[in-house]
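J.: need coordinates for the below:
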Amino acid sequence: MSEKTRILMIDDEPNVLSGYRRSIGRNYDLVTAGNGLEGLKAMREQGPFAVVVTDMRMPEMDGLEFLKQAQVEFPESVYVMLTGNADQQTAIEAINQGQIFRFLNKPCDSEIMDHTIRACKKQYDLIRAEKELLNKTLNGSVKLLIEAMVFSDPIAADVIRGVRERALELGKAIGFDSEWRFTLAYSLFYVGLISNPRTSDDVLYSDEYISTCAASGGKLLRHIPKLGEVAQIVSNQRTAADLPVDFQNHENADLLIIGSEILRLSFDWYCAGLRFNGKPTETMQYLRSTHSQYDERLLEGIERIQDKFTTTGDQSSQVLAQLSVRDLREGMLIDSDIKTKDNTLLVSRGQELSLVIINRLRGFDKAGLIGEMVSVWLDHDDPILPRKSA
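T.: Numbering: from 1, shown residues only. Model (predicted):
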């Protein structure tokens, strides 16, 4: 038996809610709330809901204000607004701005409501299917590409990891921690180096080389379904642009500008950190004095999070251990470069181990090409560590 669709209905008139419970309640997993504040509480405590139906005019928090807050916290839910004749222009504007999927006149016949909820459920399923595609297919493909680069080009992989980590943290610091296009762009920003052979490792840090790779990478990504906007972020990552005044009220084009600017600054931040040996004061002074101008809000974001990139880990909760390749596990953090006996770099220091990387290392080890133990960080209570005798 299939699970009932979860619905939240918000209205300040108890009789209206009671009527819907009687007429359509048996078909759905129905939760009700008396105003917008109660609706937000229900979504936080009892969600997720596939469909949310809200009245427009309510005390304390009206339907429009509820929608603004709910969509930030619960973007996957599909929203319907109930309005009187006087509110129809507001509802139309809400539809045009993408805030609601449908609006219905009050009073609304139960049959129309039921038909609308079914249409909303189909939209919800489409949203979830696209998210699953992104998470499992696109993100999985990107992860495999990056893991392949760990072995084919460990130095470049180290740069990619360092910039990606900084860009993700900076995005979180300014309120963009769940933007999937940013996440993919930060992982793929150097994909253009595939078609741009370099003469030395130092060229990886040059503005000219990364600009060339940015253009090539954008062209490569444009041919992949769903990655058109990611391609734009990658292409424009070295092009300075003014950020929107209000981060919370921006159009899609502004989102792409924000993503590109975060990436531009994160790359320069990473390079400055190398130049000044990770010293935060010198790094920030350089970023503020450089000829390339950055938005002050982004620089302030770095100042709030830079400590995460100037320490080597919490020594009170972790211990450095020497393990054989066969004892390596997914998620372990490498503390020193892993090289073959002839000094070929396989994995750079700071890389988090994945199953793909571990299996590849075991292949090298089985062939007798790795001669040393691997230095990794472990929790003090990790069962692989030898126990002290009583």
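J.: show me where the chain has helices.
T.: 14-24, 36-46, 63-73, 88-96, 110-132, 139-152, 154-173, 180-188, 207-222, 228-235, 252-275, 280-289, 296-305, 355-366 (DSSP state H).
J.: now mean neighbour count and mean pLDDT too, for those helices, in a markdown table please.
T.: For the C-beta atoms, the positions are set from N, CA and C on the backbone; glycine is no exception. Shown next, in a markdown table, are these (neighbours: other C-beta atoms under 10 Å; pLDDT from 0 to 100):
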| stretch | mean neighbour count | mean pLDDT |
| --- | --- | --- |
| helix 14-24 | 14 | 89 |
| helix 36-46 | 17 | 94 |
| helix 63-73 | 19 | 86 |
| helix 88-96 | 14 | 67 |
| helix 110-132 | 14 | 89 |
| helix 139-152 | 15 | 71 |
| helix 154-173 | 20 | 90 |
| helix 180-188 | 23 | 89 |
| helix 207-222 | 19 | 93 |
| helix 228-235 | 23 | 94 |
| helix 252-275 | 21 | 90 |
| helix 280-289 | 15 | 90 |
| helix 296-305 | 15 | 93 |
| helix 355-366 | 15 | 86 |
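J.: reformat those helices as TSV; add distance to Pro383.
T.: Shown next, in TSV, are the helices of the chain (distance: least, C-beta to C-beta, whole Å):
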stretch	distance to Pro383
helix 14-24	53
helix 36-46	37
helix 63-73	39
helix 88-96	55
helix 110-132	34
helix 139-152	26
helix 154-173	28
helix 180-188	32
helix 207-222	42
helix 228-235	40
helix 252-275	35
helix 280-289	36
helix 296-305	33
helix 355-366	18
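J.: out of those helices, nearest to Glu330?
T.: helix 355-366 (5.3 Å; C-beta to C-beta).
J.: tell me which other helices or strands the closest one touches.
T.: Judged by 3 or more C-beta pairs under 8 Å, 6 or more residues apart in numbering; DSSP states H and E, helix 355-366 is in contact with helix 139-152, strand 345-347.
J.: tell me which of these sits nearest to Leu40.
T.: helix 139-152 (29.7 Å).
J.: how about the contacts made by the closest residue to Asn27 other than its chain neighbours?
T.: Counting by C-beta to C-beta, 6 or more residues apart in numbering, Asn27 lies nearest to Asp114, which is 6.8 Å off, once chain neighbours are set aside. Neighbouring residues of Asp114 by C-beta atoms under 8 Å, 6 or more residues apart in numbering: 23-24, 27.
J.: okay, how far is it across stretch 339-349, tip to tip?
T.: Across stretch 339-349, the terminal residues are separated by 11 Å (C-alpha to C-alpha, to the nearest Å).
J.: average pLDDT for that stretch?
T.: If you average the pLDDT over stretch 339-349, you get 85.
J.: got the buried residues for it?
T.: Within stretch 339-349, the residues that count as buried by 16 or more other C-beta atoms under 10 Å are 339-340, 345-348.
J.: related to what we said a few turns ago, Ile194: which of the helices of the chain is closest?
T.: That would be helix 207-222 among the helices of the chain, by C-beta to C-beta, at 7.4 Å.
J.: which helices and strands sit right next to that closest one?
T.: Using 3+ C-beta pairs under 8 Å, 6+ apart, helix 207-222 sits against helix 228-235.
J.: the helix it packs on vs helix 252-275, what angle?
T.: Between helix 228-235 and helix 252-275, the angle comes out at 40 degrees (axes from the mean of the first three to the mean of the last three C-alpha atoms, to 10 degrees).
J.: what's helix 228-235 in contact with?
T.: 181-182, 184-185, 188-189, 191-192, 214-215, 217-222, 224, 252, 255-256, 259-260, 263.
J.: so Ala173 touches Gln306, yeah?
T.: No. With contacts counted by C-beta atoms under 8 Å, Ala173 stays clear of Gln306, the gap being 10.0 Å.
J.: thinking again about what came up before, in TSV: the buried residues of stretch 339-349, plus distance to Lys143.
T.: As requested, the buried residues of stretch 339-349 are arranged in TSV below (distance: C-beta to C-beta, whole Å):
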residue	distance to Lys143
Lys339	24
Thr340	24
Leu345	21
Leu346	18
Val347	16
Ser348	17
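J.: from these, which two are the most distant?
T.: Thr340 and Ser348 (13.8 Å).
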